[in-house]
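Participant: I would like to see how this sequence folds:
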Amino acid sequence: RSDFLRQKFEEWSEELQRLSEFARTEPHAAYAALTHGLRGRWTYLLRSMAVEPGDLKPLDDAMEELFRVITGHDHFTEDEMTLLRLPVRLGGLGVPGFAATAHKEYEASKLVTEGQSAELYYQCQSTWMPQSCEYLRGQASQVKKSIALSRKKAAAESFH
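Facilitator: Predicted coordinates for the structure are as follows:
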């Protein structure tokens with residue numbers, strides 16, 4: 001498992017480096033490739049496997065380099081990075097810090113699928129109850145909202 005993750009993170013870091021090179025001439029296209037292509041693969045992995053935040057540091061560093069190329073800035077403060085990592089609807093670039101959100105993504109995914117997983121595990125003969133599914137979706141929605149709220153609060157605090 002750790003070899004698989006290490007290999008994935010190395011591949012993704014290389015992809016980000018290539019994307020950074022591409023972003024020097026086509027920053028908008030590089031951003032679109034990031035948000036519409038690469039980010040989905042990363043989110044899937046973070047939701048399906050428990051990942052140590054420290055293992056994601058190289059990806060976050062490569063992402064910061066890409067942000068520097070896309071925006072044309074040489075250096076970002078921690079507060080600026082917090083702002084850039086906000087969702088687009090809050091004025092950010094919509095690409096979260098992976099080390100900071102990995103655990104939350106995994107826990108939210110576990111919450112949504114725990115009922116189905118238990119049913120498969122015990123091989124119950126009863127059918128899945130839609131009410132239970134709706135309850136778990138509501139719980140997952142609350143977790144996502146709390147993640148967004150904590151990111152919003154962190155950004156607001158960075159201005160004070």
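
Participant: any low-confidence regions in this protein?
Facilitator: Flagging of the chain using pLDDT under 70 yields the residue ranges 120-134, 160.

Participant: elements contacting the helix or strand harbouring Lys152?
Facilitator: Remark: Lys152 resides in helix 130-158, with elements defined by DSSP states H and E. In terms of contacts (3 or more C-beta pairs under 8 Å, 6 or more residues apart in numbering; DSSP states H and E), helix 130-158 is packed against helix 78-84, helix 98-122. For every residue, glycine as well, the C-beta is placed using N, CA and C.

Participant: how about the shortest one: buried residues?
Facilitator: The one in question is helix 78-84. Using 16 or more other C-beta atoms under 10 Å as the test for burial, helix 78-84 gives 81-84.

Participant: and for the last one?
Facilitator: Within helix 98-122, the residues that count as buried by 16+ other C-beta under 10 Å are 98-102, 104-106, 108-109, 112, 119.

Participant: quick one: which of the helices and strands packed on helix 130-158 is nearest Ser13?
Facilitator: Checking the helices and strands packed on helix 130-158 against Ser13 by C-beta to C-beta gives helix 98-122 as the closest, at 11.3 Å.

Participant: for the residue nearest to Ala100 when sequence neighbours are not counted, give me its contacts.
Facilitator: Counting by C-beta to C-beta, 6 or more residues apart in numbering, Pro53 is the residue found nearest to Ala100 once chain neighbours are left out, at 7.2 Å. If you count contacts by C-beta atoms under 8 Å, 6 or more residues apart in numbering, Pro53 has them with 99-100, 102-103.

Participant: out of the residues you listed, which comes closest to Phe159?
Facilitator: When these are compared for distance to Phe159 (C-beta to C-beta), Ala100 comes out closest, at 18.8 Å.

Participant: separation between the closest one and Asp74?
Facilitator: Using C-beta to C-beta, to the nearest Å, one obtains 23 Å as the distance from Ala100 to Asp74.

Participant: also Gly94?
Facilitator: Distance, Gly94 to Asp74, using C-beta to C-beta: 22 Å.

Participant: do Gln142 as well
Facilitator: Distance from Gln142 to Asp74, counting by C-beta to C-beta: 39 Å.

Participant: Ala156 too?
Facilitator: In this structure, Ala156 lies at 26 Å from Asp74, with C-beta to C-beta as the measure.

Participant: likewise Arg68?
Facilitator: Arg68 sits 6 Å away from Asp74, going by C-beta to C-beta.

Participant: higher neighbour count, the two?
Facilitator: The neighbour comparison of Arg68 against Asp74 (other C-beta atoms under 10 Å) goes to Arg68, with 15 against 6.
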